[in-house]
Structures are given as structure tokens and as C-alpha cells.
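# Okay, here's the prediction I keep looking at, along with the sequence it came from:
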Amino acid sequence: MNVLLRIIALVLKELATVFKEPRSRMTIIVPPLLQMFVFGYAASFDLHQARFAVWDQDHGPAATQLISDMRASNVFLYAGEVSSPAAVRRCIDNKKVMMVLEIPAEFQRNLTSRGNGRVEAIVDGRNSNTAGTALIYLSSIISEFNNQWRAANHLPRAPVDAVVRAWYNPEFESRWDIVPGLIGLLTLLQMILLTAMSVAREREQGTLDQLLVTPMGPLEIIAGKCVPTLLIGLGQATAALLVARFWFGIPFAGSYGVLYLGLGIFLLASIGVGLFVSTFTATMQQAMLGTFLFMVPFAILSGLTTPITSMPPLVQHITLIDPLRYAVTLIHEVYLQAYGLNGIWPQLWPLMLIAAATLLWSSWAFWRKLN
Amino acid sequence: MNIADASTAKLRCAHVHRSFRRKNGSMLRAVVDVSLVARPGTVTALVGPDGAGKTTLLRMITALITPDQGSIEVAGLNVVKSPAAVQAMVGYMPQRFGLYEDLTVEENLNLYADLHGVRPGDRAAIYEPLMKMTALAPFMHRLAGRLSGGMKQKLGLACTLVRTPELLVLDEPTVGVDPVSRRELWEIITRLVGDNGLTVLMSTPYLDEADRCDAALVLYEGRVISDGPPKAMRDLAAGRVFRVSPPVGQTPRYMQARLMAQPGIVDAVPEGGQVRCVTATGSQTVNPLANLMPQAAVPRFEDGFMITLPQKPHTDSSANAADHKTPPDKTPVHNSNKNQTSNPAASQDPVVEVHDLVRRFGEFIAVNHVSFTVRRREIFGLLGPNGAGKSTTFRMLCGLLPPTSGTLRVAGVDARRAGAAARQRLGYVAQKFSLYGHLTMAGNLAFFASAYGLHGRKRRERLAWAIEEFGLADYLQILSGAAPGGYKQRLAMACALLHEPELLFLDEPTSGVDPLARREFWQLINTLAECGVTVVVTTHFMEEAEYCDRLIILNNGRILAQGSPAEVRRHATAKGSQPPTMEDAFIAIVEASAAAAGGKA
Amino acid sequence: MNVPIPNPPPPAFASLRRTLALVYKESVQILRDPSSIAISIVLPIVLIVLFGYGLSLDIQQVPIALVVEGSSPAATSLAGSFRLTRYFNPQTVPTLHAAEILLQQRRVLGIVWIRQGFSRDFQARRARVAVLVPGADVNRDRLIQGYATSVIQQWSQQHAGRLGVVWQPGATLESRVWFNDAMRSRLFLVPGVIVLVMTLIGALMTALVVSREWERGTMESLFVTPVRAGEILLGKTIPYFMLGMIGLALCIFSATVLFKVPLIGSVWVLAFASGLYLLVALALGLLISTVAKNQFVAIQVAMLVTFLPAFILSGFIFDLRSMPSFIQAVTFVVPARYYVAILQTIFLAGDVWAVLLPNGAVLLAMAVVLLALTRAKTRKRLL
């Protein structure tokens, strides 16, 4: 009875502290939403309106058709014509265009006589990822061009076609991939920061001592930190979810119950990491830097921006302790792929393990400081 | 004030005003119409409680803040028009002197020497007397952060003196410094003025320091309420200061509490086993102390100050605590003891037993084999300068820090294993305000009521008691961080007493509190002790030791003396007709122990 | 006591000495503060190692499931092509259902499904090979799609004739990727780390240093000396500039030696451009710090306006050209964007002045404006 009363008092106190102070109220509302919007728009591997130039030495009808196919796509933006190798060099070097399409003089003749005409794309590889994406788009435009050309000239069809289907994201929009993942990224940052800062604040202001001389035990104090932060985290996740669902219009395929269960366990794990950070830090500044030291590797190793399978095996093993890795996968699986509880279990139990380990460790560290 | 000779003055302020906008939009008038002249070769003191406007005035003089109105001239230069020139001329030591704690003593000195353009060749000649004067020579290569509080202040002073300033401005240079270092700082200042003709302006919350100055300006709520040589202030109290002895079997502090509540008495403080009183009117009229065989005493600045101070209307109920009209009858656990006129510390029953306590931080021994016992219902003092080990001992008593070795029993339980039940029986008020600043006063009270497991009728009763007892009713909905300092202190006390602890720990409860509030505060402690609460209190105000039943004096982690105030005072020899003060005793004890250590070495 | 009154040195000399004293003080503080070492040395090393070893946008040896229904020679031959390419690491499974389970379990990242009767359909020119990807990691899925399509196309060109199918492939694409012909993402990710490190040291560290002086009360003592505001500013800028340059050297060394990123352009041009960006970052950090006067607020603002934009809005990972125009408009005020353009060009393309000059000019202008603003905001006043 007393234990419950005390924990409720701690929770109410914590919520009041966060919401009454304008600065902390602002930090839990504005930055996460702002980041959700900016990252949602900016963090994309899709290509839009990439500028390209043409070096057309053929000027035949096929060349003209190919260029107009490219111009019709939303991916490329026609920037003009060049007419010498030096000009090609110049416009790529200067970043005026990211690609030059070179159509050799005998393109039309080769196409009609041998049924095979070569075109060449020169791509700026300073960002190799963009370069690769551009080439993939270009080859699908060319393959569509070929189908049309064969049909128009009553030539036999290509013997084989590759049919590509993306199961959960038919349009291949990377926003569908990144925006739901951001829910995990942003709440993780917020949870670690809030927890570490709130413990550090109590330490700095001396209220932690005041708490410790009351009959409250370390476990109650830890529970008093976890519950309100969890509530705030669920609120933030819900806000982010609404932005993903309604602002970015990404259809939600799975079950909200499963998603919230997964999120709850992930948030607990994040709070555990925050408490873990707070056991090393004495001041708010250190808590801030500590959060940063943990957050950057967590974000990079989460697989959100770069695939985990492309990492070296050693690094892949390190990602196993990154709670964000599981959260990003879990959110994708529930949001886009409609996985049920069974499906997300492989993500769930590592999160539980991380939560249990960090929370137990922090309670122990707390207890040890007093004895 | 004679404006005519202001032409030769090193500092001249005329009708200076400065206001600040508070967060809620209202204006705080920090300095109101202050005029001041400092003549060359004098020490001027700026006296007043916290928040009186002392620091704001000093910052305006050093061109760090622009005045809203009025003019300030330093050595004939207008501060607003030529701030850079003034800043180059003035030596300024802010409250927390900006020592770079990760630089050594020498690096700090060199930095300020460079900034003031002292040639490297001239430095040895300048440093030598400075280091001799401050006794820092052996520590030249120690990090400033590793110096004691007193040494830091001395280094700060040395840094401002790397070249001789036209005007030396010191903001509370002696706060938090032990009495020995305080005396040394004063010796340095006196010498600088005597030998070099330096002009000094300093602020201080210690009223006895004003006595040593050539002129003293008393600030209260931004206004000058008295200006002139300290003698004028002393003269104000002439013939109104008496010492009375308590009857046998009564403690001075008990008598003091009674006297303070009497009409016609402006001030009463325990001192040297007696009570020093200031009467409201001169001795021509009927002396309210007549039947107590008063002896006339030499008036001090503080006596005059208490007379000058606008008497706060005694409406707050904290004053009631002294009136005993409403003894906090529900507070104490043992209020069966009605025999309150006698020494309440009659009980021999130990509440706190400390034996051979040691606490190390790495190489550093913060508490070095300390043993003492606190008996039920006594006020027990831990005295000593900053860094003496008071707070460390205190934190161990409260179970906030495990001891390295030794035994520690609090309320009959080993403090290392003090469970929730043991903690339910003690209350703790930390050194600085450490409640939740973003909760309202009511919110803090409610939170701590829950933390101590109070519920139902009991909870309502205790909350009502706390609000009534500490006069918090008007402030309940104010964020406690934004409340006036005195009310923060009351709230902290209220929260610590909600659960009726039998043992109360108070860490430096009176630092930074004005003399009036300090007296009120001690009255409350008195009442609590009389009602059966055991109080353990730390303080660096030596004169406050007089309120304790017993005390220990700590320095460098060791107990130098322990016993009743009278026993401790015996370490010092009387000076003339005045009995020795606690401060004299402290200095005598520290010097004796240093001599003993030197003798052994 | 007799304090000799020294002759005042000439003003210019005095100013120089004051500045040097402040620089010395700040440097000693940096060296003695473990948290500044953690942020300026440990974190950059962690970042370089993470980006150098850990991160890659390249797709190689992707585990896929290969469903081959039937055993016609054409189907077997196409399956063989998938096994030969370095992009895929296929695992043959008998049924689509089994492959789907593998995909669900994340044991494979895609499915290539060659249907029953592939040989017959190929002759009849209506063969279809399905490439199935989850669509959850779009970048990866798109690359899988691209590689799979090109494997199928190459195979059909080589084998059509042999299988008696005559067809005209039409236009064929040959590509040359300049500056990074193997398309290794490390070549642009590792130089990108330099932006992060410079921003860390330049803005995040300095955002703390001025507010720290306010909080510890040292600013008040400094102010009441002959020191000028500009000297205080220089005293902060010079040591952190040096620290940033050390970080830069560390990054260039590990990029070129450890991770074999070519440095085509001149290292001096790189150093100069980095110095410019460092000045911008320093000025931004000092400005935040001067205005905030509080470490908590300072670091929050610094994170929001310097570090996150350097990560997301600089073109370091996400290409600016792909962003919606209003986000692109925002990136014009992000200094890191100009620096990333310079870095990628110097490392991979060389000293292309047409890129370096305009971007450098913007950085220079930003540095001048921000330093002037900081100078104006640093007054020797408390209020």
C-alpha cells in the first residue's frame, strides 16, 4: 500500500517536473516532431529530378525517343546538350549534372541493322549510392524503351522478363522505409536523454539525497523514473506514428496492439540504457555527452540508413546489443509487413534481455552506492 | 555625506538606481538611489542580508552592469563612458572568484599577470610578497581546484593584486572561509591599506567585519539605511546593550528564546554562557531586564544594525514557534516531558553513536577517526570551516555515503543497514535548497507526505500543521524555485518534519540567511528540541555554536575539541573584560593543534 | 609590502600577450579536462572506425533464395548465373513457400523465382522471372532489383542464340562511374566523417566553453581586467582551431592509409577549406554559447542547429538532389553542405576550382558574418 502510494507520488512528481518547466516541456515536444518532419523529407535514398545532360552524336529518331523517355520520367531532369568530351568532363566535375548520356554516332544504324545499339552513361560517383540508384533507374527506362521499340518495329519479343515485386512497398518509396524507423530512432534518443538528465538533475539539485533519506528504496526510485518516462515515450511514439500515418500517408498494415507491446518493451530497454548512462554521470552536462556517446553508434549501427548485412561480421555482432536495431526491424515488421506476436518474437526477446540487464544493473549500482 | 571632498575620492556613486525584470514581468528594484564615496586609503564595507543589492552595486562599479540612473566615477573616470579604462584600473574579486580550477596556482597568477600586462621580468618581485602574505608559496604547482576554500579566496585576492589597483572591490571575500583564514585575509587587507594606501570596497554578510572598516554602508532591499563610520552605528546602541546570566539550571539559549519574545527587546543572542540583549529604548526608561541583574556591555555594530533594521511585523507564524502559544503538539514523539524549563538534554540515552569513523576519497582522508555521541533531545553542533569534513560526516550519518571504516549507529540502527523503518525516523534538510523547484510549495509538501507514507486523516493533519507552523499559506501555489529564499528554507524544514522525525539533521541551515531570519530559525530549532526532537546541525557561523547543547569542532577531518559551548570556550583566554567568543576559541584550538603538529614534526 | 609598479608595455604588444595568455590557459584546460578529450579524440576515432569498417551502402554477397521449378537446361543455366555473380549468395530451395519462410525469418533478403516451364516459355518468348523483395529497406531492395535484372539480361543475351532464340536486345547500356568506378560507398562515407568530426570539435565543444565560463564565474573575473572582448574570443578560437586541425589530420590519415580512400586533390587545398569550415563551426558554437550563457541550453541548440544538419542536411549520406525543394532551400543555410561538396570533390575528383571556389566563398562569407556577430554579442557586460 505504502509502496504503491510512494511510487504514484514519484510518478506524479516526475511528470509535473517535466511538464511545468517550459524548457523541458519544449524539449520533449518540439525537437522530436521537428526531426520527424525534416528527416521524413530529407532522409531518402530515392532520386528526384536528377540533372542529366546528353551528348547526342546520332540525332536519329531512336536517340530522340530515348531522350524524351528520360525526360518524361520524374527521376531525371534534362539539363541540356553537350558536344565534346571536354564539356562532359566540365559539367560533371562542376556538379552541373550528375549524369551524361552519350549516344554514339552509329546508334540508329546499329539498332536497325544489328538490333543492338550501345549507349553510354557517365555518372558522377562522388556519392556512389546515388550513382548506383541512377543507373538502376536508367536501365529500367532503357529496357522499357527496348520493349516499345521491338513492338513498333514488329520484332520478336525479348525471351525473358524480370518481374520485380516489393512485397510491402510496391512503389519502392524509401520514405516508407525510413519514416516508420524514425519512430524508434527519435524515441530512443528522447528516452535516454530524459532518463539520464532527470537523474542528473536530481543529483545536481540535491533532491536525490532528499529522496534517499526517505523510506523509499532504490527499486521504488527506479520505478518512479521508469513509469513516467515510459508514459512520455508512448506519447511521443504515438505522435510520431500519427505523423507517419497521416502526414506522410504511409498505410499501417499490422495490429496496433502488437506494435504498442513491442514499443513498450523497446521503451523500457531505452530507459534502462538511460539509467545505465546516469550511473556514470554526475552532472547534466555529462549526462548530455554520455547520451551522445551512446546515441551516435546506436543510430549508425541500427540498420536504418545502411544495411546491417553489408557490415563486416564483427560489426554485425556488435549490432546485437543495439536496441534500436531490434526496434527498427520490429516497427517495419508490424507497420509494413503486418507481423503478429510470433513474427516479432525474434526482436522482442533481445529487447527484453537488454531492458532486464540495464535495469538490474542500474538498481544494483544505486544500491551499492548507499552500502 | 560630504560631496565637497568627493573630488579626491577614489569612488563616487551618486543616486544610482538599477532594476531587473523578473520572469513574471514585474520589476525588481535591486538598487535604489544609492550614493557612496570612498576616500583614498580607506576600507568601506557594504553590509546587508542576501538580496540587499550588494552584488549589483559592486557590478555597476566595475562596469559589468550599467546603472539605470545616476553616475558612478572611479578615480575621476565615468564608469559608463569609459568602462574599459575603469576595468583596467579596478581590482575585482567576485563572490565566486573566477579561478580556473584546472590550472595551477602559478598558472592562474601568470594568466592574470599577462592580462594586466605585467612584464615577466617584474613578476618575481611582485609574486614574492604576495605569496608570503597569502602563505601560498608552497602550493605554487597545485591545481587551484585542490586548494581549500580559504586558500582559494587568498589566491583570488592575489590574482587581483598582481598589479596595484586604484580601487580594490571585493564581493563577500570571507564567506565560507574558516575563522583563521578570515583573520589572515583581514590582515592582508589591513596591510595593503596601511602600506600601499590602497582603497578597498568590500561587501560582507558578517556584521563584525563592518566594525573593522573606516565606513560602513548598510543596504536593505536595495536602499541605504545607514551610512557612516561604524562608530555611528555602535553609538546608536549605546546604553542599550546588556548581558544577563541565565538562572541555574537554565540554558542560555532557553533564556534567549524567552527574552526574544518579550516586548521591549530588539535582540537577544546567547553569547559566552550569557545572553546579550539589546533593548528597544535607552536605559533612561524602565529596563525590561531590570530584574535579571543586567550588566552593561560594549555595543557592537550588530547591535546598532538590529536597531536600524526595519522590524519585520511578526505576523508569520514561524514567530509563533517561539511564542509557545501553539507548541507543535503533534510533532514530537516524546512530549510527555513537561519539565521544559530545565535543560531538555537531560536524557543520557544516545541517539547517534559514532565510533572511530573514517572516510577516504582515494588518497584524501575527509574524515579521520571521528568519534562522538549525540543524546536524545539535545541540539548537537558540528562546527568547522568549509572542507573540514562536516558534510562528509553528515552524509554518512544520514546513510547517503558509506563509511570507509568505523561504526555508526543512528536511532539504535547501524546506519549502513538503515532500512526504510530507520529512515522513517529521521528528517534531513540539505545545505542548499534541494526540493523540486518546478513543483509548487503545495506540490512539494504533498510529494514528501507520500514519500513518508502519510495518508488519510494523518496526512491532512500533518499538511495543515506544516502550512500553519511555517506560515506557508500564502505561498502554496508558487513554484518553490521562485519563492523568496526564506520561504524556501521554511519549506525545506516543513518537508523534513512532516513525518514527525525524532532526529533532525540540518546541514548549514543558516548560511546566506540574514541576521533576522537566522534568529527566527534558531527559535524554531529551540522549540523543536524542547518538544523532544534531537537536532544535529552543522554551521560555519562560530557564534551559532552558542545555541547548541554540545558540539564538536572539526578541522581537516579531525575533531579538535568537543563538549558544551562553555567547555569549548575554555580553550581560549579572555581578552580584557569581554569573555572569549567561540571564534576566539576556534582560532586558539586550531593554532594549538598546528603547534602540536609542528612540535611533533 | 612594496609592489613595484611596472611600466606599461606598448598597447599592441600587450594585446598580443593577453591573447597568448588566454590561448595558453584554454589549451591547458582542454588537456586537463577528460570530457573534452572524450569528445574531441575518442568520439572521432569511434566515428571513423564505425564509418570505415561498419558502414557500407554497398550490396555484396546478399543472401537470396533461388526457387527453381523444374530442371530444364535453361533454368539451371540461369540459376548458375546467379551463383556466379559477386552480388548474390543464393540458396536454392524447392518451393516458393519455403523461400517465403526464409524471407520471413530474415535468413534471405530476396527471392528469385524461376517458374516451371521456364525453358519452354523462353523459347516462346514469354518467360518471366520474378524477383521478390520485402520493400522494407528500399535502398537495399532497389539495388537487389537492379543487380537481379542485369544478371537476367546478360544471361539472356548470351544464351538466346545458343537456345535457338533470335532476338534484338535493342539499346544496351554501358556505364562509366567517374571518381569511384567500383562504386564503393566507403569512398564517400569516410571523407564525410570529417564533416562530423569538424562539427563536433568546432561547434559542440565551443558551445560549451563560453557558457562554462559564465557558469563557473570566471567570465566575471576576466571582464574586470584590461582584456578586450575580441581577445577573449581569439583566446577561445585559436586552441579549438588547433584541436580541429589535429582532428583533421587524424581523419585524413585514417581515410587514406587505413581505408585506402584516394586523395586526388591537394592536401593543402583540403586543409585550407577545412580551416574555413572550422572557423564557421567555431563561430557558430561561440555564438550559441555566448547567447545561451548556460551549458544545457547551449548543447541542445548546438545539437539541433549544427550536428544534426551536418548529418542529415549536408548531402553527406542523403543526396541533396533527392530532397523536396523546401528542404533543399533549408540546406542552403547549412554550412556543412558547402563543406561536403568541397570534401567529396577534393578527395575523389581533385582540385576542381569551379566547385571549390563558389563553395569556399560561401564558407568564407559565413565565417566573416558569424565571427562579426559573435564579436558584437560578446560585450564585457553582464546584462
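Sure, I can see it. Bear in mind that the values here come from a model prediction, so they are computed numbers and not experimental data.

# contacting residues around residue 142?
The chain I'm using is chain A. Taking CB atoms under 8 Å, 6 or more residues apart in numbering or on different chains as the criterion, residue A:142 is in contact with A:66, A:119, C:170, C:171, C:172, C:173. Where you see a C-beta, it was placed from the backbone N, CA and C, and this is true even at glycine.

# that's the other chain; I wanted chain C
Neighbouring residues of residue C:142 by CB under 8 Å, 6+ apart: A:45, A:133, A:136, A:172.

# which among those gets closest to chain B?
residue A:45 (42.9 Å; CB to the nearest CB).

# Please identify which helix or strand holds the closest one.
For residue A:45, there is no host helix or strand (DSSP states H and E).

# correct me, but it touches residue C:138?
Yes. At 6.3 Å, residue A:45 counts as touching residue C:138 under the criterion of CB atoms under 8 Å.

# Common neighbours of the two, please.
Counting by CB under 8 Å, 6+ apart, the residues touching both residue A:45 and residue C:138 are residue A:174.

# Could you export the helix or strand harbouring residue C:91 as PDB, CA atoms only?
According to DSSP H and E, residue C:91 maps onto strand C:88-93. Provided in PDB are the C-alpha atoms of strand C:88-93 (Å, rounded to 0.1, in the frame of the first residue of the first chain):
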ATOM      1  CA  PHE C  88      24.500 -12.600 -54.600                       C
ATOM      2  CA  ASN C  89      24.900 -15.600 -52.300                       C
ATOM      3  CA  PRO C  90      21.900 -17.700 -53.300                       C
ATOM      4  CA  GLN C  91      20.500 -20.600 -51.500                       C
ATOM      5  CA  THR C  92      18.400 -23.000 -53.600                       C
ATOM      6  CA  VAL C  93      15.000 -24.000 -52.200                       C
END
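
# That one - what's its average pLDDT?
Confidence over strand C:88-93 (mean pLDDT, whole number) is 89.

# and the helix or strand that that strand is followed by with chain A, contact?
Next in sequence after strand C:88-93, counting helices and strands by DSSP H and E, comes helix C:96-104. Yes. Residues of helix C:96-104 contacting chain A under CB under 8 Å from any CB of the partner chain: residue C:104.

# What are the contacting residues of whatever helix or strand comes next after helix C:96-104?
Counting by DSSP H and E, the next helix or strand C-terminal to helix C:96-104 is strand C:110-114. Applying CB under 8 Å, 6+ apart, the contact partners of strand C:110-114 are C:62, C:64-69, C:75, C:78-79, C:82, C:90, C:96, C:99-100, C:103, C:129-134, C:141, C:144, C:148.

# Now, of these, which are buried?
Neighbour-count burial (16 or more other CB atoms under 10 Å in any protein chain shown) is assigned, among the contacts of strand C:110-114, to C:62, C:64-68, C:75, C:78-79, C:82, C:90, C:96, C:99-100, C:103, C:129-134, C:141, C:144, C:148.

# Sitting in helices, which of those residues do you find?
Judged by DSSP state H, the buried ones among the contacts of strand C:110-114 include C:75, C:78, C:79, C:82, C:96, C:99, C:100, C:103, C:141, C:144, C:148 as members of helices.

# farthest-separated two in those residues?
Within these, two members stand farthest from each other by CB to CB: C:75 and C:141, at 24.1 Å.

# Between the two ends of stretch C:303-322, how far is it?
Across stretch C:303-322, the terminal residues are separated by 24 Å (CA to CA, to the nearest Å).

# quick one: it near chain A?
Yes. Residues of stretch C:303-322 contacting chain A under CB under 8 Å from any CB: C:303, C:304, C:308, C:312, C:313, C:315, C:317, C:318, C:319, C:321, C:322.

# circling back to that earlier point, now list the buried members of the contacts of residue C:142.
A:45, A:133, A:136, A:172.

# Work out for me the element the second one sits within.
In this assignment (DSSP H and E), residue A:133 forms part of helix A:128-152.

# can you give me the angle the helix or strand immediately after that helix in the chain makes with helix A:128-152?
Moving toward the C-terminus from helix A:128-152, the next helix or strand (DSSP H and E) is strand A:160-166. On the basis of axes from the mean of the first three to the mean of the last three CA atoms, to 10 degrees, strand A:160-166 is oriented at 130 degrees to helix A:128-152.

# Tell me where the stretch 151-300 of chain C has strands.
Counting by DSSP state E, counting those that start in this stretch, one finds strands in the stretch 151-300 of chain C at the ranges C:170-178.

# Which positions in it make contact with chain B?
C:213, C:216-228.

# now the residues you listed as a markdown table including pLDDT and distance to chain A?
Output for those, formatted as a markdown table (pLDDT from 0 to 100; distance: CB to the nearest CB, whole Å):
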| residue | pLDDT | distance to chain A |
| --- | --- | --- |
| C:213 | 83 | 14 |
| C:216 | 78 | 12 |
| C:217 | 80 | 16 |
| C:218 | 85 | 16 |
| C:219 | 85 | 17 |
| C:220 | 85 | 20 |
| C:221 | 85 | 21 |
| C:222 | 85 | 21 |
| C:223 | 86 | 23 |
| C:224 | 85 | 26 |
| C:225 | 85 | 27 |
| C:226 | 85 | 31 |
| C:227 | 86 | 26 |
| C:228 | 86 | 28 |
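
# Domain ranges for chain B, per the record?
B:4-228, B:234-311, B:327-425+B:516-600, B:435-500 (automatic domain parsing).

# what's the closest of these to residue A:234?
Using CB to CB, these put domain B:435-500 closest to residue A:234, at 22.1 Å.

# All set now, cheers.
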